[in-house]
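Asker: quick one, structure for this:
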Amino acid sequence: MEIGTSLGTGRVIAAVGACGGAGTSTFAAALTRALRRAGEPATLVDLAVPGAGLDVLLGVEHEPGARWPELADARGEVDGSGLLAALPRWGAVPVLSGSRLRPERPDDAVVLDVCSALLRAGESAVLDLPVPGAWSSAAASLVGAADVVLLVVPLTAPGAAGAVAAAGALRAAGAQDVRLVARRPSPGRVDVAALERALDLHAVTTVPWDRRLAGAVERGEGPAVGHRTPLGRCAAEAVSAL
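Answerer: The predicted structure is shown next:
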């Protein structure tokens with residue numbers, strides 16, 4: 001399977017969690033917002049499907065627009081501009097989400113053709129991916145084609161162990177440029193520098209623990225990612241490093 005990464009000006013940026021609950025979706029969303037704020041058109045793409053859907057995390061599940069089930073017939077030279085116009089928005093960010101009402105995995109060929117359409121339209125595709133063991137064939141192909149892969153790692157013992165396994169899976173998939181995003185939970189005792197040395201990977205940012213995040217999501221507000229918020233600042237730092 002191939003994706004047309006040579007077409008258009010967009011990049012493929014993949015976010016992968018080292019373990020469940022790493023905060024990958026939240027960081028991918030913040031990163032997409034930060035990219036657009038920096039002037040790079042970017043669309044957030046939910047590949048952790050089937051699942052609740054990124055739209056629920058962001059509080060836009062009631063916004064009209066196409067989710068993966070509505071794109072089941074999107075094959076071949078998909079019209080990128082038309083696709084973007086059909087997607088729901090989280091603020092300024094186009095979001096291609098799974099559906100909680102129809103939680104089905106999209107066909108691999110559809111995923112690749114749709115992502116290629118975004119790139120042709122000049123959009124960067126920020127991919128929210130599950131842990132490597134849950135990848136589809138399309139997800140694995142996209143990891144291999146990605147301009148950069150961000151491995152999101154909680155600074156815990158399970159997170160560090162998962163990062164070792166995930167880093168091996170990324171290399172096996174052909175990922176060429178892998179960076180770390182460290183997440184500082186409470187408590188968390190793993191040292192970022194030690195993690196970098198163990199994996200031979202560089203951390204682009206360390207996201208602090210934010211106890212307000214879960215409450216904001218539960219209230220349907222989505223994560224706070226303004227440029228003055230901790231998550232927003234870390235996402236901007238990552239964008240500068242990419």
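Asker: and the longest helix belonging to the chain, average pLDDT?
Answerer: Longest helix of the chain, by residue count under DSSP state H: helix 157-173. With pLDDT averaged residue by residue, helix 157-173 scores 95.
Asker: elements contacting whatever helix or strand Ala214 lives in?
Answerer: Ala214 is part of helix 213-218, with elements assigned from DSSP states H and E. Of the remaining helices and strands, none touches helix 213-218 by 3 or more CB pairs under 8 Å, 6 or more residues apart in numbering; DSSP states H and E. Glycine gets a C-beta too; all of them are placed from N, C-alpha and C.
Asker: skipping its backbone neighbours, what lies nearest Cys19 in space?
Answerer: Closest residue to Cys19 in three dimensions, ignoring its sequence neighbours and counting by CB to CB, 6 or more residues apart in numbering: Gly162, at 3.5 Å.
Asker: isn't that neighbour right up against Val16?
Answerer: No: with contacts counted by CB atoms under 8 Å, Gly162 stays clear of Val16, the gap being 10.3 Å.
Asker: I'd like to know how far the residue at the greatest distance from the centre of the chain sits from Phe27.
Answerer: The outermost residue of the chain relative to its centre, with distances by CA atoms, centre = their mean, is Arg189 at 25.4 Å. Using CB to CB, to the nearest Å, one gets 21 Å for the distance from Arg189 to Phe27.
Asker: same check, this time on Arg11
Answerer: For Arg11, the distance to Phe27 (CB to CB) stands at 17 Å.
Asker: which one of these two is surrounded by more residues?
Answerer: For Arg11 versus Phe27, the count of surrounding residues by other CB atoms under 10 Å is larger for Phe27: 26 against 18.
Asker: can you pick out the residue with more neighbours from Gly162 and Val16?
Answerer: Between Gly162 and Val16, counting by other CB under 10 Å, Val16 is the more crowded of the two (33 against 21).
Asker: so what's that one up against?
Answerer: When contacts are counted by CB atoms under 8 Å, 6 or more residues apart in numbering, Val16 touches Thr24, Leu129, Pro130, Val131, Pro132, Val143, Val149, Leu150, Leu151, Val152, Ala166, Leu170.
Asker: how about 6 Å then?
Answerer: Each residue near Val16 by CB atoms under 6 Å, 6 or more residues apart in numbering is listed here: Leu129, Leu151.
Asker: chain center to the host helix or strand of it: distance?
Answerer: Val16 belongs to strand 12-17 when assigned by DSSP H and E. Averaging C-alpha positions (CA atoms, centre = their mean, to the nearest Å) puts strand 12-17 5 Å from its chain's average.
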